[in-house]
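In: Structural data only, the sequence is not supplied:
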């Protein structure tokens with residue numbers, strides 16, 4: 001069910017939700033957190049789709065705040081409430097703020113938060129490089145950005161590093177969880193071999209490639225090189241990792257969703273290593289509501305100065 005509330009107020013939205021609950025259309029019991037999504041009008045539906053999927057594991061109240069701060073626009077708030085089959089395992093509130101109504105984000109959402117429940121903030125599109133200091137970020141204990149969606153992803157990572165606060169997270173980091181798990185498992189067989197070089201095959205504009213290189217550097221104690229060409233082909237995203245030893249190497253090269261593994265002392269093999277969707281990343285990020293210590297170390301130590 002979708003309920004449209006054009007030219008409304010937050011208090012009217014809250015009252016309508018209560019009316020829906022009283023009539024049996026909304027069940028608030030079982031909601032474990034509030035997910036605040038701040039985005040633009042263009043990305044509303046894709047953000048809601050990912051959040052609805054994630055809510056099947058983390059039942060939530062989803063509040064989407066989309067802003068049009070054009071001074072020439074009429075100052076008004078349009079809202080939409082989605083429940084039942086239109087909201088997955090959640091209840092979804094979409095707030096479209098126009099003109100001056102978009103200038104006070106905190107007042108727009110405060111009356112809609114679930115009481116005594118943690119708040120997660122997610123920016124699936126453009127956002128500031130200091131999420132903890134934004135109006136939405138101040139409300140949340142967990143803040144998830146997406147550096148890959150910014151106009152200058154690597155510069156954005158550097159700003160995140162400068163402004164890092166416990167609770168900050170980025171989807172570029174979550175996208176390499178499978179890479180880190182596979183590398184860790186495979187490297188155990190070679191932990192007694194001295195590492196001579198590390199090479200990450202990744203795009204020069206991929207924040208995930210830079211975070212993976214920084215993670216490898218910090219764990220193996222040797223500078224990692226990022227190479228955006230593999231087999232004379234320009235790389236997009238992350239295509240592979242090569243860790244070289246005095247004799248031989250450990251190499252993981254991905255083509256589409258399958259990675260080929262070549263390593264000294266073992267036959268060649270392959271593993272499934274798919275690219276992760278926003279929904280997959282959101283599920284993982286919503287699972288841990290405290291500080292991601294490893295991400296904080298990789299970010300602040302890896303991007304405090306020029307790579």
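Out: Now that the structure is in, tell me what you want to look at. Just so we're clear, the structure is a prediction, and the values are computed from it rather than from any experiment.
In: Least confident secondary structure element in this structure?
Out: One helix or strand of the chain scores below all others by mean pLDDT, DSSP states H and E: helix 10-22, with a mean of 88.
In: ok, and what's touching stretch 235-244?
Out: 176, 179, 183, 187, 190, 195-203, 206, 208-209, 212, 216, 220, 227-230, 249-255, 259, 275 (Cβ atoms under 8 Å, 6 or more residues apart in numbering). C-betas here are computed from N, CA, C, even on glycine.
In: okay, and for this protein, where does confidence drop off?
Out: 24-30, 69-73, 85-89, 304-307 (pLDDT under 70).
In: Domain boundaries for it, per the record?
Out: Following automatic domain parsing, the chain resolves into domains at 2-170, 177-272.
In: Narrow the contacts of stretch 235-244 to those in strands?
Out: Cross-referencing the contacts of stretch 235-244 against strands under DSSP state E gives 195-202, 227, 229-230, 249-255, 259.
In: all helices in the protein, in order from the N-terminus.
Out: Here the chain has its helices, by DSSP state H, at 10-22, 44-55, 105-110, 135-139, 153-162, 171-174, 177-187, 207-220, 278-287, 293-302.
In: Check which helices and strands the shortest one sits against.
Out: Going back to what we said before, that points to helix 171-174. helix 207-220, helix 278-287, helix 293-302 (3 or more Cβ pairs under 8 Å, 6 or more residues apart in numbering; DSSP states H and E).
In: How far off centre is the first one?
Out: Okay, so that is helix 207-220. 17 Å (Cα atoms, centre = their mean, to the nearest Å).
In: hang on, the earlier thing: for the least confident helix or strand of the chain, buried residues please.
Out: Counting neighbours by 16 or more other Cβ atoms under 10 Å, one finds that the buried residues in helix 10-22 are 10, 13, 16, 17, 20.
In: was I right about the second one contacting residue 81?
Out: What that stands for is residue 13. Yes: the criterion here is Cβ atoms under 8 Å, and residue 13 meets it with residue 81 at 7.0 Å.
In: Now for those two: what residues contact both?
Out: In contact with both residue 13 and residue 81: 5, 93, using Cβ under 8 Å, 6+ apart.
In: Can you tell me the closest non-neighbouring residue to residue 206?
Out: residue 237 (5.5 Å; Cβ to Cβ, 6 or more residues apart in numbering).
In: Distance of the one you found relative to residue 16?
Out: 43 Å (Cβ to Cβ, to the nearest Å).
In: Tell me the bridge partners for the residue nearest to residue 37 when sequence neighbours are not counted.
Out: In space, and not counting its chain neighbours, residue 37 is closest to residue 64: 4.6 Å by Cβ to Cβ, 6+ apart. Beta-bridge pairing of residue 64 under DSSP bridges involves residue 37, residue 94.
In: in terms of contact, does residue 64 touch residue 97 like I think?
Out: No: look at residue 64 against residue 97 with Cβ under 8 Å: they stay out of range, at 10.8 Å.
In: quick one: which of those two has more around it?
Out: Between residue 64 and residue 97, residue 64 has the larger neighbour count (other Cβ atoms under 10 Å), namely 26 against 22.
In: list the contacts for the more buried one?
Out: 37, 39, 44, 47, 48, 51, 92, 93, 94, 95.
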